[in-house]
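In: any chance you could fold what I've pasted below:
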Amino acid sequence: MYKLIRKGLFIAFICTQTHLQLQAQNIDNERIDSTYTPNFVLKTNLLYDATTTLNLGVEFKLSNKLTFDLPFNYNPWTFSDNRKLKHWLVQPELRYWVHHPFKGSFWGIHLHYAQFNVANLPFPQKLKDFQYEGWLAGAGLSYGYQWRLSDRWLLEATIGAGYAYIDYDKYECQSCGRKIDSGTKNYWGPTKAGLSLIYVIGKESTKKIIYPVENSAPVYFPPKEIPVQPETTYMHKSGEAFVIFPVDKYVVLPDLAQNRQELAKIVQSVDSVCAIPGVQLDKIVIEAYASPEGDLQHNITLSEERVSALKEYVIGTCQLDENLFRVRSKGENWSGLRAALKTAALTDKQKKDILKILDIDDLATRKALLKKYENGKPYEYLLTEIYPQLRISEYKIEYTVPAK
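Out: Next up is the predicted model:
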């Protein structure tokens, strides 16, 4: 079991690093809409496959935070020298997702029931010298993480521990010996390990978002055509909010800095629209920029997490339907940095030199030169005074009202 767990986590690490590298190579071309959420998936545990155990699992979404996972394992094989790991196992699990279902971290609570007939296994020694038949039942807790490989394929790593009550009969030899013992055992330890390949059956969205490259021509997104009856009028309300997040985190803290005032801008805008007689809310779009320090992929992922957290705050505060919302990251806010330099507390020479650095196409070189310029003093100013202003969220409320 421990060898399988170590092997599974190692494979998961390699697959994760490969996936992130592929994402980084294509980040300037396109990104997948962060509102994408599968509803129903099929999966197979590669670790169980490695032990010749047939297995198939299903998982489906229950709510915005919960899913239900139901795997079933079956091993009917007997090999040479009567070596066998014959069993069947069912292990239903309720999962709570830290962010969104089928994306990132989750915690689970599971039950398990199995019947087994094992003998002549290479380890431990007692399973090599004797044959055991019986059943077990118990429960446990688990932690896992899912990565998205494509629109249809996901990868999951999970590990769990807990309790199992084991009732067994012990036989003298591996095939035909007499029964020499019966007993029970209270087991505490690992109860689950998985590296699963997942195929998405049902999903909510496969819409893709194109991120414009710095200094390139802007990408035009034509407005969505909404059929409007002659007696109604289509309108929208837009705004900006400077919501501050803790460093490298995406939890919304209303009492941090001026957040309560900034959050109130969004809530009051929604409330003012909802107060219009006969209004019908059509869509609420929230977009977020990342400040450009650090790794590009990390910044975009962090801004996606933050804009999704902001969406959840508005849903909870205003009691709105999640399906009204569209959220996306707009990448690193280099254009905002250019604009902020006009009023920055820097000399004209420093502003001119920094603008020349911003004209460099290679992001890694651009960021490195910003840090080194004049021994990093201007960069320290940018980090503390300018970069927080670049982490802006923009919102747009689209709605229909009766024509006057």
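In: shaky segments in the stretch 151-300 of the chain?
Out: Residue ranges of the stretch 151-300 of the chain with pLDDT under 70: 173-177, 203-232.
In: ok, which stretches of it are strands?
Out: 153-171, 179-203, 208-209, 232-241, 280-290 (DSSP state E, counting those that start in this stretch).
In: what about residue 344, which SS state?
Out: At residue 344 the chain is in coil, as set by DSSP: H, G, I helix; E, B strand; the rest coil.
In: how does this structure divide into domains?
Out: What automatic domain parsing lists as the domains of the chain is 2-203, 217-402.
In: for the ones you listed, could you give me TSV that also reports mean neighbour count?
Out: (C-beta placed from N, C-alpha, C; glycine too.) Supplementary listing: those in TSV, determined by neighbours: other Cβ atoms under 10 Å:
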stretch	mean neighbour count
domain 2-203	16
domain 217-402	15
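In: before we move on, the earlier item: between the strands of the stretch 151-300 of the chain, which gets nearest to residue 59?
Out: strand 179-203 (7.8 Å; Cβ to Cβ).
In: which elements pack onto that closest one?
Out: helix 2-25, strand 38-45, helix 46-50, strand 104-119, strand 131-148, strand 153-171 (3 or more Cβ pairs under 8 Å, 6 or more residues apart in numbering; DSSP states H and E).
In: for those, which one sits closest to residue 258?
Out: strand 104-119 (28.6 Å).
In: partner strands of that closest one, parallel or antiparallel?
Out: strand 84-90 (antiparallel), strand 93-97 (antiparallel), strand 131-148 (antiparallel) (DSSP bridges).
In: so what pairs up with residue 189 in the strands?
Out: Under the criterion used (DSSP bridges), residue 189 bridges to residue 162.
In: turn the strands paired with strand 104-119 into TSV, columns for distance to residue 321 and mean pLDDT.
Out: Converted to TSV, the strands paired with strand 104-119 look like this (distance: least, Cβ to Cβ, whole Å; pLDDT from 0 to 100):
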stretch	distance to residue 321	mean pLDDT
strand 84-90	35	93
strand 93-97	19	96
strand 131-148	25	94
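In: got the end-to-end distance for stretch 364-384?
Out: Its first and final residues considered, stretch 364-384 spans 21 Å by Cα to Cα, to the nearest Å.
In: same deal with stretch 111-128?
Out: 28 Å.
In: please apply the same query to stretch 242-256.
Out: 12 Å.
In: again, but for stretch 114-128
Out: 20 Å.
In: contacts for it next, please.
Out: Applying Cβ atoms under 8 Å, 6 or more residues apart in numbering, the external contacts of stretch 114-128 come out as 81-90, 130-137, 171, 174-175.
In: same check, this time on stretch 254-267
Out: 239-246, 252-253, 310, 313-314, 317-318, 395.
In: is the closest residue to residue 191 other than its chain neighbours bridged to anything, and to what?
Out: Leaving aside its sequence neighbours, residue 191 sits nearest to residue 140 (Cβ to Cβ, 6 or more residues apart in numbering; 4.0 Å). When assigned by DSSP bridges, residue 140 has beta-bridge partners residue 110, residue 162.
In: now render the strands paired with strand 104-119 as JSON lines, adding distance to residue 158.
Out: Below are the strands paired with strand 104-119 laid out as JSON lines (distance: least, Cβ to Cβ, whole Å):
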{"stretch": "strand 84-90", "distance to residue 158": "15"}
{"stretch": "strand 93-97", "distance to residue 158": "9"}
{"stretch": "strand 131-148", "distance to residue 158": "3"}
